[in-house]
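A.B. asks: Pasting the sequence and the predicted coordinates here, then a few questions.
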Amino acid sequence: MTTGATEMVTLDEGSQPIAAGVRSLNKAVSSNGRYVVFEGYSGGVGTSYVRDLTTGVSIVIPGLDDAREDRIDVTNAGDVYYSGASGSGRFSASTQTTTPRTLPDGTFIATISPNGRFAIGTTGSRCADGVSSTVTWTVVDISTGDRAGLDTETCQITERDQQLLVTDSGAVLRSRGQTNSRPRLTFVYLRDGGTLPPRTDPDPYVYIALGDSFSAGEGVKPFWQPANACHRSQQAYPTFIEQPGVPDASIYDRRAGGPVAWGFQACSGARTWHVLPRDMGGRPNHADSLPQLEPDRSVDTGNEFDLPVNEATDLITITIGGNNVDFASVLRLCYTSRDCTRAILDGQSIEVEITERLNALGTELDRVYAQIHAQARNARIIVAGYPQLFPASAREQRCPKLRQVPVHLTRGRFAYFGFSETEQNFIRRQTSRLNQVIADHVNQADTAEFVPVDAIFAGHEICGNKGEWINAPQAAARRPSPVNDQSFHPNERGHELGYAVAINAVLN
């Protein structure tokens with residue numbers, strides 16, 4: 001585009017009147033066409049509104065009057081920015097609050113380009129007549145901090161309902177002229193884009209999800225690489241994690257537009273040695289060709305989201321430890337026993353065996369946390385706990401999905417399938433012990449943060465009275481396991497509303 005080129009844009013009036021006898025006059029429209037800022041006139045009195053054209057809802061904007069010098073812009077989210085002699089600020093339709101928006105040096109941001117790179121900033125002054133208010137205009141490349149002055153017709157710019165706009169390339173446009181019956185804006189390019197230094201793209205925000213099935217999303221189809229038993233789900237909680245300070249859009253959803261990078265190495269069945277690199281005794285799991293922390297990822301793993309954990313990593317989440325204790329074998333034993341609390345596991349009572357496994361787990365967790373920090377010293381490390389699988393009340397525990405059922409075999413012999421209340425409470429205690437070991441070693445490491453999830457999952461266990469976020473036991477299609485792999489794992493709600501909400505609350 002060349003200086004002096006023009007573009008005609010007609011802005012239609014709001015789709016619905018505010019009230020009978022009120023005439024509206026548009027002042028700004030969001031680039032997605034959803035929101036319009038306009039002035040409603042009745043009896044010679046004007047009131048400014050922002051309207052959501054998709055719903056017809058209009059909200060009064062306090063502090064935005066009919067001053068001739070007001071500069072007005074509305075974003076695709078319905079936030080209104082304005083500046084002029086009557087003041088400057090930001091009005092958020094979602095929260096109905098008005099706050100100032102300025103650059104670090106105090107320059108008010110009047111308008112931002114759709115891509116968020118360029119802003120037009122203003123500082124107040126007076127026109128030659130000493131009466132009319134005007135402003136000094138500057139276009140700012142937010143990515144570099146570079147500025148270019150706009151001193152063309154600064155007093156004329158402040159005339160009624162004229163606006164400055166800035167494009168994705170940094171070109172600045174000024175509106176000229178409109179009629180009361182139907183606003184008509186002619187944008188005159190005051191400067192071309194491309195005269196500022198090239199944009200320096202910031203380093204991407206790098207998030208990598210490590211761990212076991214509770215991070216991979218076992219039991220929540222569809223999976224990436226379905227043939228790989230790691231079962232990395234397209235709806236696992238890592239797909240909902242948000243960058244700190246950038247809420248309402250997950251890192252996964254933002255990866256195409258950047259600047260973010262999203263890695264997903266978590267794998268069902270993983271134990272601590274499937275996380276550690278090879279030089280620490282680590283080894284791959286299932287069809288993965290590398291342990292999760294292996295620094296050299298040049299081998300084709302077949303995982304399109306495979307990323308190295310290194311100094312460029314900003315955030316890591318992980319669940320690990322449940323498979324070291326072999327909780328799956330405990331669940332299988334209890335599911336097929338009349339009372340597993342009296343059972344012998346690996347040659348000793350089940351309580352003693354679990355205690356020994358938990359004691360050994362602590363040392364392995366220390367190695368994992370230390371290695372993650374050694375490879376990613378700049379990263380925030382979030383270690384999430386495990387939810388309770390069984391409900392707390394006896395009434396819920398007796399639900400058909402869980403209650404123990406005897407099956408008559410022959411000659412007075414019975415097989416038992418399901419869980420007695422005693423067994424369910426026993427497993428709840430062991431889950432709490434596991435979480436406590438993980439929390440203690442995270443705190444000792446002092447390089448990570450522990451995020452418990454048992455509270456947010458409370459009432460959402462199997463047969464929980466608030467709705468299930470855990471998959472109930474389902475018979476396996478083949479032995480040796482009596483239940484399939486998706487049993488006793490969070491469902492899609494558990495990942496999105498449980499794990500993701502808990503972790504995002506800590507991050508933001």
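C.D. replies: Cool, the structure landed.
A.B. asks: pLDDT on the helix or strand that contains A261, on average?
C.D. replies: Counting by DSSP states H and E, the element that carries A261 is strand 260-264. The average pLDDT within strand 260-264 is 96.
A.B. asks: burial of the spatially closest residue to L358 that is not a sequence neighbour, as a residue count?
C.D. replies: Closest residue to L358 apart from its sequence neighbours, by C-beta to C-beta, 6 or more residues apart in numbering: V437 at 5.2 Å. C-beta: built from backbone N, CA, C; applies to glycine. Neighbourhood size, V437 [other C-beta atoms under 10 Å]: 19.
A.B. asks: Now do the SS call for V437.
C.D. replies: helix (DSSP: H, G, I helix; E, B strand; the rest coil).
A.B. asks: For it, give its distance to G322.
C.D. replies: In this view, V437 and G322 are 11 Å apart by C-beta to C-beta, to the nearest Å.
A.B. asks: Can you pull the residues that touch both of those two?
C.D. replies: Counting by C-beta atoms under 8 Å, 6 or more residues apart in numbering, V437 and G322 have no contacts in common.
A.B. asks: The stretch 151-300 of the chain: strands as residue ranges?
C.D. replies: With strands called from DSSP state E, counting those that start in this stretch, the stretch 151-300 of the chain shows them at 164-166, 172-176, 184-191, 205-211, 223-224, 232-233, 260-264.
A.B. asks: tell me, which of those is the model least confident about?
C.D. replies: For the strands of the stretch 151-300 of the chain, where the average pLDDT is lowest is strand 184-191, sitting at a mean of 38.
A.B. asks: Please report the distance of Q486 from V220.
C.D. replies: With C-beta to C-beta as the criterion, Q486 and V220 are 8 Å apart.
A.B. asks: between these two, which one's more packed in?
C.D. replies: Remark: of Q486 and V220, V220 carries more neighbours, 23 against 20, as counted by other C-beta under 10 Å.
A.B. asks: Apart from its neighbours in sequence, what residue is nearest that one?
C.D. replies: S233 (4.3 Å).
A.B. asks: ok, the one you found - how many residues close by?
C.D. replies: The burial count for S233: 27, using other C-beta under 10 Å.
A.B. asks: you'd agree it is up against S215?
C.D. replies: No. S233 is beyond contact range of S215, at 9.7 Å (criterion: C-beta atoms under 8 Å).
A.B. asks: Could you pull out the buried residues of stretch 342-356?
C.D. replies: Within stretch 342-356, the residues that count as buried by 16 or more other C-beta atoms under 10 Å are A343, L345, I350, E353, I354.
A.B. asks: what does it rub up against?
C.D. replies: V325, S329, V330, L333, S337, C340, T341, Q430, R433.
A.B. asks: so which of those residues would you say is closest to A379?
C.D. replies: Among the contacts of stretch 342-356, V325 lies closest to A379 (C-beta to C-beta), at 26.2 Å.
A.B. asks: pLDDT score for that closest one?
C.D. replies: Reading off the model, V325 has pLDDT 97.
A.B. asks: Quickly note the distance from it to L293.
C.D. replies: Taking C-beta to C-beta, one finds V325 at 21 Å from L293.
A.B. asks: the more surrounded of these two?
C.D. replies: L293 (25 against 22).
A.B. asks: Let's see which of the contacts of stretch 342-356 end up in helices.
C.D. replies: S329, V330, L333, Q430, R433 (DSSP state H).
A.B. asks: What number of residues are in the vicinity of the fourth one?
C.D. replies: By that I understand Q430. For Q430, using other C-beta under 10 Å, the count is 19.
A.B. asks: Do I have it right that it meets C334?
C.D. replies: No. Q430 is not in contact with C334 according to C-beta under 8 Å; the separation is 10.0 Å.
A.B. asks: re earlier: the residue nearest to L358 touches G321, doesn't it?
C.D. replies: Yes. Using C-beta under 8 Å, V437 is in contact with G321, at 7.2 Å.
A.B. asks: Please identify every residue contacting each of these two.
C.D. replies: L361, L365.
A.B. asks: mind giving me the domain ranges of the protein?
C.D. replies: The chain breaks down into these domains under automatic domain parsing: 6-191, 205-325+361-389+435-474+485-507.
A.B. asks: Pick out the shakiest of these, pLDDT-wise.
C.D. replies: Among the domains of the chain, domain 6-191 scores lowest, at a mean of 56.
A.B. asks: Got a quick ChimeraX command for the buried subset of the contacts of stretch 342-356?
C.D. replies: Written as a ChimeraX command, the selection of buried residues from those, which uses 16+ other C-beta under 10 Å, is:
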select :325,330,337,340,341,430
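A.B. asks: and the contacts of stretch 342-356, which two are the farthest apart?
C.D. replies: Longest span within those, C-beta to C-beta: S337 and R433, 19.9 Å.
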